[in-house]
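# With the input below, show me the fold.
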Amino acid sequence: MSSLTHLPAPAKLNLFLHVTGRRSDGYHLLQSVFILIDWADQLHIEDRADGIIRRHDLGPALPPEDLCIKAARLLQAESGTSHGCDISIDKLVPWGAGLGGGSSDAATVLMALNKLWHLNWPGSKLEQLAIRLGADVPFFLRGRPAWVEGVGEIITPLTLPADTQNTPLAVLKPPVSVPTAAIFSSPALKRDTKSAIVADFLAAPKRFGNNDLQAPAELYSHEVGQALGIMQNRFGNSRMTGSGSAVFSWVEPGPLGQTIQSFSPADVGLDNSAWVGRLCRGLVQHPLLDWLAV
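Numbering: from 1, shown residues only. The predicted structure is shown next:
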C-alpha cells in the first residue's frame with residue numbers, strides 16, 4: 001500500500017453549546033452534543049520513504065502549518081517511523097464556520113497514516129496525540145455522536161433518537177469567518193449556564209438548550225444574525241454551530257410528508273458566490289472508524 005485516496009473528513013455540528021464555567025487557567029468549561037454530518041473535505045495521502053511531509057492544496061490555500069501537517073509530524077515523531085507523506089486536500093468544508101473542518105482533517109490524517117505507515121495503533125493511543133492537537137480532534141477520532149464536556153476532552157457516545165438522526169439539516173455559512181478567540185474573550189459571553197444531563201437533551205433533542213457563543217458572534221458580525229433570521233423564516237428554527245459563523249436548521253417534512261432534496265444560498269435569495277450552504281444528513285459514525293482497532 002503506497003497511497004490512500006478520497007478519504008472523507010466530515011464536518012460536525014453542535015446541536016447545543018453551553019458554557020458552564022471557567023477554569024483558573026482561563027479555559028472555558030462546556031457542555032455540548034456533537035454530531036457528524038455528510039459535508040466533508042476529501043484527502044489523498046501518499047506514502048514517502050524519505051521522511052518528508054508535504055501538503056498540497058487542491059482548493060483554497062491553507063496556512064503553512066495547519067493541523068494536518070502538525071498531526072502528521074506528531075505521529076511521525078511519536079511512532080519513530082522513517083516514512084513521510086504527501087497530503088493533498090480538497091477543501092470543501094468552509095473554514096471559520098464552527099464546522100470543525102481543520103480538526104476533522106487532522107483526525108483523518110491520523111487514521112490514514114496509522115494505516116499507511118502500518119503502525120496499527122488503537123484509537124485510544126491515537127487519541128493521546130489528538131488531545132495535543134486541539135479540543136475537537138478527539139471527537140472526530142471517536143467518530144460517533146457524543147455528549148461532550150469539560151474543555152472538550154470528556155466524550156460520551158450518544159445514540160440519537162431515530163427521528164432526530166434521520167431529520168435532514170440545512171446549513172448556511174455567511175461570508176464572514178468568526179475567530180474563536182474573539183468570541184471566547186467577548187464580554188457578551190454568558191459563562192454560567194446551569195449544567196444539564198443527557199436525559200434533559202434526549203427529552204427534546206431538536207429544541208434543547210442554546211448556543212451560548214451565538215450572542216457574541218452576532219455582535220461580532222451582523223451577517224451571523226442575518227443568517228439566523230433567514231433560516232428561521234425559511235425553516236421555523238435556526239441555531240449557530242460552534243463559535244460560528246455557520247448556522248443550521250432542522251428540515252421537517254411538509255404536511256404531506258414531503259421534504260426538500262437540496263438546499264443552497266440561492267434558495268433563500270442569497271449570492272452563491274459569497275454564501276455557502278447545503279442540505280446535510282447526520283452520520284451514525286465516521287466513515288473511517290472501522291480502521292481503528294478497539
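
# quick one: low-confidence parts of this structure?
For the chain, the stretches flagged by pLDDT under 70 are 1, 293-294.

# need the helices for this structure, in chain order.
Using DSSP state H, the helices of the chain run over 67-79, 101-116, 123-133, 137-142, 162-166, 180-184, 198-203, 214-220, 222-235.

# in stretch 187-201, what's buried?
189, 193, 196, 201 (16 or more other C-beta atoms under 10 Å). Backbone N, C-alpha and C define where each C-beta goes, glycine included.

# and if you look at stretch 89-108?
Of the residues in stretch 89-108, 89, 91-108 count as buried by neighbour count, 16+ other C-beta under 10 Å.

# measure it end to end?
Terminal residues of stretch 89-108 lie 11 Å apart, using C-alpha to C-alpha, to the nearest Å.

# quick one: that stretch to chain centroid distance?
Centroid separation for stretch 89-108 versus its chain: 7 Å, with C-alpha atoms, centre = their mean, to the nearest Å.

# does the nearest residue to residue 277 once chain neighbours are set aside have beta-bridge partners, and which?
Spatial nearest neighbour of residue 277, excluding adjacent residues (C-beta to C-beta, 6 or more residues apart in numbering): residue 172 at 4.1 Å. Beta bridges link residue 172 to residue 247, residue 277 when assigned by DSSP bridges.

# Report the separation between residue 17 and residue 76.
With distances taken as C-beta to C-beta, to the nearest Å, residue 17 is found 33 Å from residue 76.

# Show me which of the two is the more surrounded one.
residue 17 (25 against 18; other C-beta atoms under 10 Å).

# Can you name the residues that contact that one?
By C-beta atoms under 8 Å, 6 or more residues apart in numbering, residue 17 lies in contact with 30-32, 209-213, 241-242.

# Show me which of these is closest to residue 269.
residue 241 (22.0 Å; C-beta to C-beta).

# residues in contact with the closest one?
Taking C-beta under 8 Å, 6+ apart, we find residue 241 in contact with 12-14, 17, 97-99, 171, 211, 247-248.

# now do 7 Å
13-14, 98-99, 247-248 (C-beta atoms under 7 Å, 6 or more residues apart in numbering).

# Just send those back as TSV, with distance to residue 115 too.
Below are the contacts of residue 241 laid out as TSV (distance: C-beta to C-beta, whole Å):
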residue	distance to residue 115
13	27
14	29
98	29
99	25
247	35
248	32
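
# number of nearby residues for residue 113?
Using other C-beta under 10 Å, residue 113 is surrounded by 27 other residues.

# Also residue 235?
18.

# My guess is it contacts residue 170. True?
Yes - with contact defined as C-beta atoms under 7 Å, residue 235 and residue 170 form a contacting pair (6.3 Å).

# who touches both of the two?
Common contacts of residue 235 and residue 170 (C-beta under 7 Å, 6+ apart): 249, 251.

# What is the burial count for residue 157?
Residue 157 is flanked by 11 other residues according to other C-beta under 10 Å.

# can you check the one 5 residues further on too?
For residue 162, the neighbour count with other C-beta under 10 Å is 8.

# show me the contacts for it.
The contact partners of residue 162, by C-beta under 7 Å, 6+ apart, come to none.

# Quick one: residues contacting the nearest residue to residue 171 once chain neighbours are set aside.
Nearest non-adjacent residue to residue 171, counting by C-beta to C-beta, 6+ apart: residue 248, 4.8 Å away. Residues in contact with residue 248, defined by C-beta under 7 Å, 6+ apart, are 13, 169-171, 239, 241.
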